[in-house]
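> Build the 3D model from these lines:
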Amino acid sequence: MKVCGLDKEERKLLVIRVTAHCNVLKRDNYLISPDYFGSIRELLQENYGCPIMVIQGSAGNIAPKYFNSAETPIDATGAQYHRSSTALEDMAAVVLEKLSQRIALIEVSDTLAIDMYVRKMHLYADVPSLTVAEKVAQEAKNYCGIDGRPWLEEIKKLHYAGIYQQEETVEVQYFTIGKWCICGLPYELMVEFALEPMEKLNDPFFYVNGYTNGCLSYFPTEEEYDKGGYEVYWSILIYYKYYNRVFPLERDSASKLTAFIIENAPESKAEYL
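Residues are numbered from 1 along each chain as shown. Okay, the predicted model is just below:
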């Protein structure tokens, strides 16, 4: 999104949405750094002479092309990823290259309708049986070295209190400017949550963003849910006290959330259905 002065020429602000994890620097990095988002802002500001705002889309399962690490972590395995000592600058250069092809095509309007609203829905998570919980805790310890004992104690307390299901109120936020709409949710969403609404609404300007006003856990797709692992189960053993629930949301929550996002899209966009 480009914000201009009254003459429509002077750039006042560029908002850039980038859909790849902001983790070019891996776990062996000990620098304080804004990662490649910082490099993007510096390079684009130098080229376009205005403030740059970079936001992250639904990037829970998208890794950056370049990485800087002595290790080869699991999210940098494969021929599509490139180890580089200048990985931050390399990522910024790719964004500049792609953006430069599009910047002149952005339409500037004198009048734009602006709207913001919130819709809420309820999703549910089971409190697992002790047998299932102990199995998850053992896997988390074996694969990630996570101590799940406090989590197990919390599950025992819930069972003792007769609580076998937990409810979560999901706040879905919509912010529109003209044709442009950001739908924000407080989760680490996977990219499918952005692609499916954009496709079904037939609207390339409808953006679903995670990490909006907080982060209440990973939100996996149903396919990812079936794989289990850190993003579905094990991370909850660490962060359950902040999420106010002890288990992932039910498997079909992904489909329910996607349908809710589409159903509550601005009328001008929902008419495409």
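
> What residues of stretch 70-79 count as buried?
residue 76 (16 or more other CB atoms under 10 Å). C-beta: built from backbone N, CA, C; applies to glycine.

> ah, wrong one, I meant stretch 131-142
133, 136-137, 139-140.

> And that stretch, how far out from the chain middle?
Distance of stretch 131-142 from its chain centroid, counting by CA atoms, centre = their mean, to the nearest Å, is 27 Å.

> Pull the residues that contact that stretch.
Residues from elsewhere that reach stretch 131-142 (CB atoms under 8 Å, 6 or more residues apart in numbering): 128, 146-149, 151-152, 155, 228, 230, 233-234, 237.

> so, if you compare those residues, which one comes nearest to residue 246?
residue 155 (5.6 Å; CB to CB).

> Tell me the secondary structure of that closest one, please.
helix (DSSP: H, G, I helix; E, B strand; the rest coil).

> returning to what we had before: which ones among the contacts of stretch 131-142 map onto helices?
Using DSSP state H, 149, 151-152, 155, 237 are the members of those that sit in helices.

> can you give me the strands in the stretch 151-273 of the chain?
165-177, 180-184, 188-189, 206-209, 218-219 (DSSP state E, counting those that start in this stretch).

> for the longest one, packing partners?
Spelled out, that is strand 165-177. Contact analysis of strand 165-177 by 3 or more CB pairs under 8 Å, 6 or more residues apart in numbering; DSSP states H and E lists strand 114-126, strand 180-184, helix 253-263 as its packing neighbours.

> mind listing what that strand pairs with, with the direction of each?
strand 114-126 (antiparallel), strand 180-184 (antiparallel) (DSSP bridges).

> Likewise for the last one?
With DSSP bridges as the criterion, the sheet partners recorded for strand 218-219 are strand 188-189 (parallel).

> what's the average pLDDT for the partner strand?
Per-residue pLDDT over strand 188-189 has a mean of 94.

> do the same with stretch 39-48
pLDDT averaged over stretch 39-48 gives 96.

> 25 is where my numbering starts, stick with that
Sure, I'll start counting at 25 from here, so that last one is stretch 63-72.

> Which residues belonging to it are considered buried?
If you call a residue buried by 16+ other CB under 10 Å, then stretch 63-72 has these buried ones: 63-65, 67-68, 72.

> List the contacts of the helix or strand in which residue 120 is found.
Using DSSP states H and E, residue 120 sits within helix 111-124. Applying CB under 8 Å, 6+ apart, the external contacts of helix 111-124 come out as 40, 42, 44, 48-49, 57, 59-60, 62-64, 66-68, 71, 88-92, 106, 108.

> what sits against the nearest residue to residue 57 once chain neighbours are set aside?
Nearest non-adjacent residue to residue 57, counting by CB to CB, 6 or more residues apart in numbering: residue 49, 6.0 Å away. Residues near residue 49 by CB under 8 Å, 6+ apart: 55, 57, 59, 91-93, 111-112.

> can you list the weak-confidence ranges in the chain?
292-297 (pLDDT under 70).

> Over to residue 87. Which of the three states is it?
coil.

> Contact partners for the residue nearest to it when sequence neighbours are not counted?
Using CB to CB, 6+ apart and skipping the chain neighbours, the partner closest in space to residue 87 is residue 99 (4.2 Å). When contacts are counted by CB under 8 Å, 6+ apart, residue 99 touches 45, 47, 87.

> Alright, that wraps it up for me.
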